[in-house]
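Enquirer: give me a 3D structure for the following:
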Amino acid sequence: MEGIPERGPETGPATGPRAGGGRTPTAAGPSSAPVAVAAYAVLGLLGALMGLLGGFQHSWYLRPVPASAIGWVLALFAVCHGAGRAMGGRGGAMAPAGGWLAVTTLWLSARPEGDLVIADDVSGYVYLYGGLLAVLAGVLLVPAGAGSWLLSGYPHGSHPVRSDSP
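Expert: Sure, this is the predicted structure:
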């Protein structure tokens, strides 16, 4: 047809692989690096908060079961695994795990008065060793490199939005 330009890779809009050096364009917005740093920092602080609260609250019993310690272990697994899935990799799961481990390590040292925050009783062992296993499982069960929903350039979901679709 005359008068209507032909749409093709040479005359169409610059959205193909040749246009941006092999990259597909994303929505204009702030760089994802500060968002990622902030997200990892918040996850690390969440893990530290869990270590702070769990260290003091792990010793509640429902005769003879250390119910609170078991609850903290399950919560640790859920937070680590959920953070890793949300951030799209094992680094997201390691951020709260590192925060929890840092605070929990502090609680294991003896104070000058002779007190311990995490004592050597059943609830302390369940919280400490169960927490270590929960953190390890939470990190290792995250698929490596799944892609982050937080840092993707897509407005909803993980499917790209084509600019040439009607």
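
Enquirer: in terms of secondary structure, what does the longest helix along the chain contact?
Expert: Taking DSSP state H as the assignment, the helix of the chain that covers the most residues is helix 32-57. Taking 3 or more CB pairs under 8 Å, 6 or more residues apart in numbering; DSSP states H and E as the contact definition, the neighbouring helices and strands of helix 32-57 are helix 67-87, helix 90-107, helix 122-140. (Glycine included, C-beta is placed from N, CA and C.)

Enquirer: so it versus helix 90-107, what angle?
Expert: Between the axes of helix 32-57 and helix 90-107, defined by axes from the mean of the first three to the mean of the last three CA atoms, to 10 degrees, the angle is 40 degrees.

Enquirer: returning to what we had before: redo the helices and strands packed on helix 32-57 as a markdown table? Include distance to A41.
Expert: Formatted as a markdown table, the entries for those read as follows, by distance: least, CB to CB, whole Å:
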| stretch | distance to A41 |
| --- | --- |
| helix 67-87 | 12 |
| helix 90-107 | 8 |
| helix 122-140 | 18 |
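
Enquirer: quick one: closest of the ones you listed to L52.
Expert: Relative to L52, the nearest member of the helices and strands packed on helix 32-57 by CB to CB is helix 90-107, separated by 5.5 Å.

Enquirer: packing partners of the closest one?
Expert: helix 32-57, helix 67-87, helix 122-140.

Enquirer: now, of those, which is deepest in the fold?
Expert: Of all these, helix 67-87 carries the top mean neighbour count, a mean of 20, counting by mean count of other CB atoms under 10 Å.

Enquirer: pLDDT (mean, whole number) over that one?
Expert: Helix 67-87 comes out with an average pLDDT of 95.

Enquirer: with just CA atoms, put it into CSV.
Expert: Provided in CSV are the C-alpha atoms of helix 67-87 (Å, rounded to 0.1, in the frame of the first residue of the first chain):
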residue,chain,number,x,y,z
ALA,A,67,6.1,-23.9,72.9
SER,A,68,7.6,-20.4,72.5
ALA,A,69,11.0,-21.8,71.3
ILE,A,70,9.2,-23.9,68.7
GLY,A,71,7.2,-20.9,67.7
TRP,A,72,10.3,-18.8,67.2
VAL,A,73,12.0,-21.5,65.2
LEU,A,74,9.0,-21.7,62.9
ALA,A,75,8.9,-17.9,62.6
LEU,A,76,12.6,-17.8,61.7
PHE,A,77,12.1,-20.3,58.9
ALA,A,78,9.1,-18.4,57.6
VAL,A,79,10.8,-15.1,57.6
CYS,A,80,14.0,-16.3,56.0
HIS,A,81,12.3,-18.4,53.4
GLY,A,82,9.7,-15.7,52.6
ALA,A,83,12.4,-13.0,52.4
GLY,A,84,14.4,-15.1,50.0
ARG,A,85,11.4,-15.8,47.8
ALA,A,86,10.4,-12.2,47.8
MET,A,87,13.8,-10.9,47.0
